[in-house]
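Student: Kindly generate the corresponding structure for this input.
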Amino acid sequence: MLFFSSHAGKRELAPDHLLSLYSVLRAYADADRLTVLFALYELTRHDFDCFVTMENIVAAAGLDERTIRDALHHLPVHCKKLEDSSIGYRIEASNMHLPALLMLFMPFH
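Tutor: As a prediction, this is how the structure comes out:
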C-alpha cells in the first residue's frame, strides 16, 4: 500500500490534485520507461551534469533505440547538443532523486 500526502494539513486532496498526481506517476508505470530511467540514472548518478549519448543508453538499458526514444518523451529528461554534434541526455536535475526514491519500493532478495 502506498499513501500520498500533500503535507498541507489534515484535509482530503481535491480531485484535480489527485488527478495531477496520478498523471505524474503514470509516466513511471511502464517497464520500458523505468528501464530507461534507471539506465540513465546509473550512467549519470556520479555526475549530475553528465550527458550520455543514445548509444550509451541503448547499451545500458538493453532496449532498442525506438523504445528508448518513446520512453524519453515521457520522462523528465534534459537534452543538449554535444561537442561531437550528437544529442546528450540526462535526467533533469530536480528529478535526479526519483530513481533512488523508486528503489525504496523495489523488493530485494
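Student: Counting by contacts, list what the lengthiest helix in the chain packs against.
Tutor: Looking across the chain with DSSP state H, the single longest helix is helix 31-44. Judged by 3 or more C-beta pairs under 8 Å, 6 or more residues apart in numbering; DSSP states H and E, helix 31-44 is in contact with helix 54-61, helix 65-72, strand 87-91, helix 98-103. (Glycine included, C-beta is placed from N, CA and C.)
Student: any idea which of the ones you listed is most buried?
Tutor: Greatest average neighbour count among those goes to strand 87-91 (a mean of 19), per mean count of other C-beta atoms under 10 Å.
Student: Compute the inter-axis angle for it and helix 31-44.
Tutor: 100 degrees (axes from the mean of the first three to the mean of the last three C-alpha atoms, to 10 degrees).
Student: Show me what strand 87-91 is in contact with.
Tutor: For strand 87-91, contacts defined as C-beta atoms under 8 Å, 6 or more residues apart in numbering pick out 37, 40-41, 44, 48-54, 57, 72, 75-82, 98-99.
Student: How about the contacts made by the residue sitting nearest the centre point of the chain?
Tutor: In the chain, the centroid-proximal residue (C-alpha atoms, centre = their mean) is L37; its distance is 4.2 Å. Going by C-beta under 8 Å, 6+ apart, L37 touches 28, 71, 75, 91, 98-99, 102.
Student: L21: what secondary structure?
Tutor: At L21 the chain is in helix, as set by DSSP: H, G, I helix; E, B strand; the rest coil.
Student: mind checking how far it is from A14?
Tutor: Noted for L21: a distance of 11 Å to A14, by C-beta to C-beta, to the nearest Å.
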